[in-house]
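1. Just a sequence and a predicted model for now, questions to come.
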Amino acid sequence: MVRTGLYVLAGTLLGLAIHLVVILALPALAGNGLFARLAEIDTAGKTQLIPVPAAGEPNPFRLDPGLSYAVCRLDLRSGPGELAGVLPVGFWSVAIYDQTGTVIYSTTNRDSIGQTLDLGVFDPAQTRLLAEQKINIAAGLLIVESRTDDVFVVVRLAPPQPVMRPRYEAQLAKLACRNIRV
């Protein structure tokens with residue numbers, strides 16, 4: 001009886017370990033992840049609007065049709081990245097993704113930022129230089145540290161009415177996506 005219980009326990013633990021390894025390894029093994037799909041959009045150093053698909057069209061990014069989206073790719077090997085601009089009144093959110101598609105930072109206009117977005121993304125070495133005051137940055141820059149040098153910044157706007165979407169998307173297109181010169 002004890003031996004059977006040990007076999008059941010060992011089998012359960014082995015099954016649990018196999019399932020955990022498979023679940024944790026699948027995102028790294030997937031060839032068509034978020035980062036690969038976003039890499040197809042030419043966004044290096046500029047803000048690129050992502051068109052929201054119409055009803056019945058494929059939606060590879062699984063976008064909410066009620067929101068307007070822009071993406072910006074930052075290569076931190078060229079220096080710290082910055083996304084800056086003024087967004088319209090209304091709800092907006094910003095998320096920074098690493099190469100695995102993991103959100104490393106996210107904020108909204110409701111986090112005391114207001115309508116002005118001034119976001120700086122630094123790698124650990126650049127953050128150290130910033131702490132030593134060897135990098136000059138503008139006052140009020142929201143500083144985010146990334147462990148990787150290749151990140152995507154996604155900005156989402158929620159126009160209150162569909163007729164306002166073009167104006168909101170024009171504001172999204174005006175966002176400055178660039179590397180800060182050190």
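-> Sure, I can see it.
2. In terms of helices and strands, where is Y105?
-> Under DSSP states H and E, the secondary-structure element containing Y105 is strand 103-108.
3. which other residues reach that strand?
-> Residues outside strand 103-108 that contact it (Cβ atoms under 8 Å, 6 or more residues apart in numbering) are 91-98, 113, 142, 144, 146-147, 151. In short, each C-beta sits where N, CA and C put it, glycine included.
4. Closest one of those to K174?
-> Minimum distance to K174 across these is 13.3 Å, recorded for W92 (Cβ to Cβ).
5. The closest one contacts N109, doesn't it?
-> Yes - contact criterion Cβ atoms under 8 Å: W92 and N109 qualify, at 5.0 Å.
6. which one of these two has more residues nearby?
-> Counting neighbours by other Cβ atoms under 10 Å for W92 and for N109 shows that W92 has the greater number, 23 against 20.
7. OK, contacts around the more buried one?
-> With contact taken as Cβ under 8 Å, 6+ apart, W92 is in contact with 108-109, 117, 155-158.
8. can you do 10 Å?
-> 67-68, 107-110, 113, 115, 117, 155-158, 168, 171-172 (Cβ atoms under 10 Å, 6 or more residues apart in numbering).
9. From the residues you listed, which land in helices?
-> The subset of those located in helices under the criterion DSSP state H comprises 168, 171-172.
10. which one of these has the most neighbours?
-> For these, neighbours were counted using other Cβ under 10 Å, and L172 has the most, 23 neighbours in all.
11. Please, which helix or strand holds the residue nearest to that residue when sequence neighbours are not counted?
-> Take L172 and drop its neighbours on the chain: the residue closest to it by Cβ to Cβ, 6 or more residues apart in numbering is A70, 4.1 Å away. A70 belongs to strand 68-75 when elements are defined using DSSP H and E.
12. Against which helices or strands is that strand packed?
-> Under the contact criterion of 3 or more Cβ pairs under 10 Å, 6 or more residues apart in numbering; DSSP states H and E, the helices and strands touching strand 68-75 comprise helix 34-39, strand 47-50, strand 81-86, strand 92-97, strand 116-122, strand 150-157, helix 165-173, strand 176-179.
13. Reformat these into TSV and put distance to G56 next to each item.
-> Written out in TSV, the entries for those read as follows (distance: least, Cβ to Cβ, whole Å):
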stretch	distance to G56
helix 34-39	20
strand 47-50	18
strand 81-86	33
strand 92-97	27
strand 116-122	33
strand 150-157	22
helix 165-173	19
strand 176-179	32
